[in-house]
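Colleague: got a structure for you, letters missing:
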């Protein structure tokens, strides 16, 4: 890349270095972002992307390096400085208060007040939001309760909030992570309009198709360093992935057609409540056969999480039946389910899948610590057996850590996920419940986990896959059950068009179906 003068750039970061004990998160990183472009920043987990953006937004202070904004050297001591310089950040996990209105969330901390009495000026707030949303084509109802909005509109609130604070440079961290295809398309229209109006956007994403669709240029990071500067129109998914991982990566799931056998798992008219006391499952029925992967596609929050929890024995059903072969397992708890041959990769690996302060070895036997060969008479741990088991799985599942004694907390997200995948698959389950199996993990780990899931199917397991990543559902599944408002609304083939699946996921084209 030819050297670009900082005075010609919206953002120029030079020689940014940031270390923590034992970790160099950013190692003399250079980033150049031109005015009025969408610049993608990509890399695996732990590559240093978030640290670099947190430096730019003032959340992290670099050990060395310099930053220029619009050609001028700046010192960013905190987010207040970043905002004053016209830098805004839309975080991956929205910073919104659900019970507040859209207007209250946008104005939070900068509320317009009445001249007398200093009270919140609703009329002025509505007027200012209307002006902003009209200018940038971001339709929003300022009086709507934020928690009632779909995810795509909540994200729009975050963008308007940043614009209200005067941002001309927007950092978007994994902005499409929880959006449907239609919402992603709408977001990209918004981003292109923002750029036309003079804004500059830094777009962090692991979805390479989207990076190719929306960005102008790409900076690739690996292990704390910049390893590539790419022009989007001149590159492709494979080149980006190879740069990110440092080796050739299989981007498509390599699998033979399924050879399903007898029904292993049957769900009949299942109902269940959510934690909030509302009806989460409204009569779900499906059959799952040995040697097949049934994928569940749906916008998050439509009952998929509750379904997996009921099937895994961590949530009680309020009606219906669950059959494992010819055995009624409806009222089994998690331990009974595990003993019966049902393995569970939970969607919240840190909260439900691991004990973070436990070692890798301890986590590798979690849930089986009282069973042979890991315990003598269900009471005394057999340490030698545990260590041999953990060492074998660590090698087989490519868990990268110094040894089996380090705590799970110290590992990257991808390696934490591999511990869970190893533990659950090593039990040789009859049924594998895989909820968001690759959430937050990088391309190399995704490739590995996909390969293992297909291997489980080919070994005769019945696999139920729930994923917010539609590409993942389409590429892994042998059949796709579309979930909407606690029900299966259609059964689709794996090659069903993305647009059709997206329409069904949002309540259009409903055909209420039973997955059999």
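Modeller: Received it, and whenever you're ready, just let me know what you need. Small disclaimer: the values here were computed from a predicted structure and weren't measured. Numbers count the residues shown, from 1 in each chain.

Colleague: drop to CA atoms for contacts and neighbour counts, all remaining ones
Modeller: Fine.

Colleague: end to end on stretch 163-170, go ahead and measure it.
Modeller: Stretch 163-170 has its terminal residues 9 Å apart, counting by CA to CA, to the nearest Å.

Colleague: from residue 409, how far out is residue 389?
Modeller: Separation of residue 389 from residue 409 (CA to CA): 20 Å.

Colleague: same question for residue 465.
Modeller: Distance of residue 465 to residue 409, given as CA to CA: 26 Å.

Colleague: who has more neighbours out of those two?
Modeller: Using other CA atoms under 10 Å as the criterion, residue 465 and residue 409 rank with residue 465 on top: 25 against 16.

Colleague: does the more buried one sit in a helix or strand, and which one?
Modeller: Assigned by DSSP states H and E, residue 465 falls within strand 462-466.

Colleague: now that strand, how far from the centre of its chain.
Modeller: Strand 462-466 has its C-alpha centroid displaced from the chain centroid by 18 Å (CA atoms, centre = their mean, to the nearest Å).

Colleague: pLDDT (mean, whole number) over it?
Modeller: Mean pLDDT, strand 462-466: 96.

Colleague: who does the helix or strand following it touch, helix- and strand-wise?
Modeller: Remark: after strand 462-466, the chain's next helix or strand is helix 470-476, criterion DSSP H and E. Packing partners of helix 470-476 (3 or more CA pairs under 8 Å, 6 or more residues apart in numbering; DSSP states H and E): strand 292-297.

Colleague: which residues does the strand it packs on contact?
Modeller: Contact with strand 292-297 is made by 258-260, 288, 304, 457-458, 460-468, 470, 473-474, 476-483, 501, 505, as judged by CA atoms under 8 Å, 6 or more residues apart in numbering.

Colleague: report the buried members of these.
Modeller: Neighbour counting by 16 or more other CA atoms under 10 Å classes 258, 260, 288, 304, 457-458, 460-468, 470, 473-474, 476-483, 501, 505 among these as buried.

Colleague: measure residue 286 to residue 273 for me?
Modeller: Using CA to CA, residue 286 is found at 19 Å from residue 273.

Colleague: over to residue 425?
Modeller: Distance check for residue 425 against residue 273: by CA to CA, it reads 29 Å.

Colleague: ok, now residue 400?
Modeller: Residue 400 sits 39 Å away from residue 273, going by CA to CA.

Colleague: now do residue 399
Modeller: In terms of CA to CA, residue 399 sits 37 Å off from residue 273.

Colleague: those two: which has the busier surroundings?
Modeller: Comparing residue 399 with residue 273 by neighbour count (other CA under 10 Å), the higher total belongs to residue 399, at 23 against 19.

Colleague: you'd agree the more buried one is in a helix?
Modeller: No: applying DSSP: H, G, I helix; E, B strand; the rest coil, one finds residue 399 to be coil, outside a helix.

Colleague: surely it is in contact with residue 421?
Modeller: No: with contact defined as CA atoms under 8 Å, residue 399 does not count as touching residue 421 (10.3 Å).

Colleague: and residue 68, what does it touch?
Modeller: 6, 10, 11, 12, 13, 74.

Colleague: count of residues packed around the second one?
Modeller: Read that as residue 10. Neighbours of residue 10 under the rule other CA under 10 Å: 22.

Colleague: pretty sure it sits against residue 31.
Modeller: No: if you go by CA under 8 Å, residue 10 and residue 31 don't touch, sitting 10.6 Å apart.

Colleague: just the helices in the stretch 201-350 of the chain please.
Modeller: 208-214, 237-245, 304-312, 334-340 (DSSP state H, counting those that start in this stretch).

Colleague: switch the ones you listed over to a markdown table; also include distance to residue 128 and mean pLDDT.
Modeller: Converted to a markdown table, the helices of the stretch 201-350 of the chain look like this (distance: least, CA to CA, whole Å; pLDDT from 0 to 100):
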| stretch | distance to residue 128 | mean pLDDT |
| --- | --- | --- |
| helix 208-214 | 29 | 92 |
| helix 237-245 | 41 | 90 |
| helix 304-312 | 39 | 94 |
| helix 334-340 | 52 | 89 |
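
Colleague: ranking those by burial, who's on top?
Modeller: Mean neighbours per residue, mean count of other CA atoms under 10 Å, is largest over the helices of the stretch 201-350 of the chain for helix 304-312, with a mean of 23.

Colleague: ok and that one relative to strand 462-466, angle-wise?
Modeller: Counting by axes from the mean of the first three to the mean of the last three CA atoms, to 10 degrees, helix 304-312 points 150 degrees away from the direction of strand 462-466.

Colleague: give me the contacts around helix 304-312.
Modeller: 272-274, 280-281, 296, 298, 315-317, 322, 330, 333-334, 337, 342-344, 347, 433, 435, 466, 483, 486.

Colleague: so which of those are in strands?
Modeller: 272-273, 280-281, 296, 322, 342-344, 433, 435, 466, 483 (DSSP state E).

Colleague: make JSON lines out of these and add distance to residue 106.
Modeller: Converted to JSON lines, the ones in strands among the contacts of helix 304-312 look like this (distance: CA to CA, whole Å):
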{"residue": "272", "distance to residue 106": "35"}
{"residue": "273", "distance to residue 106": "33"}
{"residue": "280", "distance to residue 106": "30"}
{"residue": "281", "distance to residue 106": "34"}
{"residue": "296", "distance to residue 106": "34"}
{"residue": "322", "distance to residue 106": "45"}
{"residue": "342", "distance to residue 106": "45"}
{"residue": "343", "distance to residue 106": "43"}
{"residue": "344", "distance to residue 106": "40"}
{"residue": "433", "distance to residue 106": "39"}
{"residue": "435", "distance to residue 106": "33"}
{"residue": "466", "distance to residue 106": "33"}
{"residue": "483", "distance to residue 106": "32"}
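
Colleague: just the buried residues out of these, in PyMOL syntax.
Modeller: This is how PyMOL selects the buried members of the ones in strands among the contacts of helix 304-312, with burial counted by 16+ other CA under 10 Å:
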select buried, resi 272+273+280+281+296+322+342+343+344+433+435+466+483
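
Colleague: isn't there a helix covering residue 153?
Modeller: Yes: judged by three-state DSSP, residue 153 forms part of a helix.

Colleague: ok, the residue nearest to it when sequence neighbours are not counted - contacts?
Modeller: The shortest distance from residue 153 to any non-neighbouring residue, by CA to CA, 6 or more residues apart in numbering, is to residue 140 (7.6 Å). By CA under 8 Å, 6+ apart, the contact list for residue 140 reads 102, 133, 153, 156, 157.

Colleague: ranking those by neighbours, who comes first?
Modeller: Within the contacts of residue 140, most neighbours by other CA under 10 Å means residue 102, with 30 neighbours.

Colleague: tell me the pLDDT at that residue?
Modeller: On pLDDT, residue 102 comes in at 88.

Colleague: quick check: closest non-adjacent residue to it.
Modeller: What sits nearest to residue 102 in space, not counting adjacent residues and going by CA to CA, 6+ apart, is residue 142, at 4.8 Å.

Colleague: equivalent analysis for residue 505, please.
Modeller: Spatially, and ignoring its direct neighbours in sequence, residue 505 is nearest to residue 298 (5.0 Å; CA to CA, 6+ apart).

Colleague: among the contacts of residue 68, name the ones in helices.
Modeller: Nothing among the contacts of residue 68 maps onto helices, per DSSP state H.

Colleague: just the buried members of those?
Modeller: Among those, those classed as buried by 16+ other CA under 10 Å are 6, 10, 11, 12, 13.

Colleague: which phi and psi does residue 30 have?
Modeller: Per-residue torsions, residue 30: phi -110, psi 140 (degrees, to the nearest 10).

Colleague: just checking, it touches residue 226?
Modeller: Yes: Residue 30 is within contact range of residue 226, at 7.1 Å (criterion: CA under 8 Å).

Colleague: out of those two, which sits in the busier spot?
Modeller: residue 226 (24 against 19).
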